[in-house]
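Next one to model:
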Amino acid sequence: MQDFKDGVAVVTGAASGIGLATATRFAREGMKVVLGDIQQDALDTAVSSLQSAGHDVIGVTTDVSRVEQVQNLADQAIAAYGKVNVVHNNAGVVRAGTLEELTLEDWQWVLGVDLWSVIYGLKIFLPLIKQAGQGHIVNTSSSAGLQASANIAPYNVAKFGVVGLTETLRLELDEGDLPIGASVLCPGAVQTRICESDRNRQATGLAAGNASETDQAFKNIAGPIVEAGIAPIDVAAMIITAIRENDFWILTHPEWKNVMQERAAGMIDNQLVTGFGG
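Numbers count the residues shown, from 1 in each chain. The predicted structure follows:
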């Protein structure tokens, strides 16, 4: 997809971080944008800011872990703009803990937001993109979808799942020779609020739960790394380039290519190789 002007984009997790940066970049490229997010106040602020800058955008409060709310997001996009060309399934959360510490509700919450939302997004939006005639789907995974880290099992599982799901999507689109592309975004350290995910957990209908010492230790370590990461707007620029060039992989940090080479070598030697966390 080369020309963004007058197209319609839908972005989830759009009130902050990578989602807001991507929505902003889409708007600057001349697209109409539908922002979906569960945090109402942040969503209102994001939409107001973009509208004040002269962009044609709307916000839809959305719990992406609920299929009926993803359907409503699509319905509102069609009602407002009549079509959808680009979807960025971006919303994400993390909860840390050992496999023994993590509760089933922790698993339900992380998989619901990080994996099931992408499944819902593909199921609901792909037919609409086909109807529009051309477009692109970007799914946000993580460096944790390339190589697992200890103490964030639900996040690892979800992000590996997003990679596999997007690979399958791309293969099927290519087999059908459709004018629709697909990319998987695997961010390393980016300046987002991922370490503050708990702020929206209760809005999904799940109890906040008691954070373990492992979870707090994870935040203490990961927080400064995230704060020192690259700017979300730089990631948005990578996404625009990937859509235009129909690239599949979007790796925000080139050093991860070395990690993946080491991982492949470890497979040959029957060894588990550990790399960077993210």
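
Setting aside sequence-adjacent positions, which residue approaches Leu165 most closely?
Val118 (6.1 Å; CB to CB, 6 or more residues apart in numbering). Every C-beta, even on glycine, is put in place using the N, C-alpha and C of the backbone.

Can you tell me how far Thr61 is from Met267?
As for Thr61, its distance to Met267 is 43 Å (criterion: CB to CB, to the nearest Å).

Which of the three states applies to the residue nearest to Leu165?
Classification of Val118 by DSSP: H, G, I helix; E, B strand; the rest coil places it in helix.

Residue numbering should commence at 50 henceforth.
Sure, I'll start numbering at 50, so the last one becomes Val167.

which residues in the protein form strands?
In the chain, the strands defined using DSSP state E lie at 57-61, 81-86, 106-110, 135-138, 184-189, 229-235, 298-300.

Reformat these as TSV; add mean neighbour count.
Below are the strands of the chain laid out as TSV (neighbours: other CB atoms under 10 Å):
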stretch	mean neighbour count
strand 57-61	29
strand 81-86	29
strand 106-110	21
strand 135-138	29
strand 184-189	26
strand 229-235	25
strand 298-300	19
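
Adding distance to Phe209 and mean pLDDT, write these out as CSV.
As requested, the strands of the chain are exported to CSV (distance: least, CB to CB, whole Å; pLDDT from 0 to 100):
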stretch, distance to Phe209, mean pLDDT
strand 57-61, 19, 98
strand 81-86, 24, 98
strand 106-110, 29, 98
strand 135-138, 15, 98
strand 184-189, 12, 98
strand 229-235, 11, 98
strand 298-300, 15, 97
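
List just the one of those strands that sits closest to Leu214.
strand 184-189 (6.9 Å; CB to CB).

mind listing what Ala277 touches?
By CB atoms under 8 Å, 6 or more residues apart in numbering, Ala277 lies in contact with Ala238.

Near Asp283, how many other residues are there?
Using other CB atoms under 10 Å, Asp283 has 14 other residues around it.

top helix in this protein by residue count?
Taking DSSP state H as the criterion, the chain has its longest helix at helix 202-224.

Which positions in that helix come out as buried?
Within helix 202-224, the residues that count as buried by 16 or more other CB atoms under 10 Å are 202-212, 214-215, 218-219, 222.

what about the helices in the stretch 50-199 of the chain?
66-77, 89-101, 116-130, 153-160, 166-181 (DSSP state H, counting those that start in this stretch).

so which of those is the most packed in?
Counting by mean count of other CB atoms under 10 Å, helix 66-77 has the highest mean neighbour count of these, with a mean of 25.

related to what we said a few turns ago, how far away from the center of its chain is the longest helix of the chain?
12 Å (CA atoms, centre = their mean, to the nearest Å).

ditto for stretch 261-275
So, by CA atoms, centre = their mean, the centroid of stretch 261-275 is 21 Å from its chain's centroid.

So for it, what gets flagged as buried?
In stretch 261-275, counting by 16+ other CB under 10 Å, buried: 261, 263-264, 267-268, 271, 275.

Same list, the residues you listed, but as CSV with pLDDT and distance to Cys244 please.
What follows is the buried residues of stretch 261-275, written out as CSV (pLDDT from 0 to 100; distance: CB to CB, whole Å):
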residue, pLDDT, distance to Cys244
Ser261, 82, 15
Thr263, 90, 14
Asp264, 86, 10
Phe267, 85, 8
Lys268, 85, 5
Ala271, 82, 5
Val275, 85, 6
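
and which of these is nearest to Arg144?
Among these, and counting by CB to CB, the member closest to Arg144 is Asp264, at 6.4 Å.

if I pick that closest one, what's in contact with it?
Asp264 neighbours (CB under 8 Å, 6+ apart): 144-146, 150.

For this structure, which element, helix or strand, carries the lowest mean pLDDT?
The helix or strand of the chain with the poorest confidence is helix 262-276; it has a mean of 85 (mean pLDDT, DSSP states H and E).

With just CA atoms, put that one into PDB.
Backbone C-alpha positions of helix 262-276 (Å, rounded to 0.1, in the frame of the first residue of the first chain) are rendered in PDB as follows:
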ATOM      1  CA  GLU A 262       7.600  -9.600  44.600                       C
ATOM      2  CA  THR A 263       8.600 -10.900  41.200                       C
ATOM      3  CA  ASP A 264       6.200  -8.500  39.500                       C
ATOM      4  CA  GLN A 265       7.500  -5.600  41.400                       C
ATOM      5  CA  ALA A 266      11.100  -6.600  40.700                       C
ATOM      6  CA  PHE A 267      10.300  -6.900  37.000                       C
ATOM      7  CA  LYS A 268       8.900  -3.300  37.000                       C
ATOM      8  CA  ASN A 269      11.900  -2.000  38.900                       C
ATOM      9  CA  ILE A 270      14.200  -3.500  36.200                       C
ATOM     10  CA  ALA A 271      12.100  -3.100  33.100                       C
ATOM     11  CA  GLY A 272      10.800   0.400  34.000                       C
ATOM     12  CA  PRO A 273      14.200   2.300  33.500                       C
ATOM     13  CA  ILE A 274      14.900   0.200  30.400                       C
ATOM     14  CA  VAL A 275      11.600   1.300  28.800                       C
ATOM     15  CA  GLU A 276      12.100   4.900  29.900                       C
END
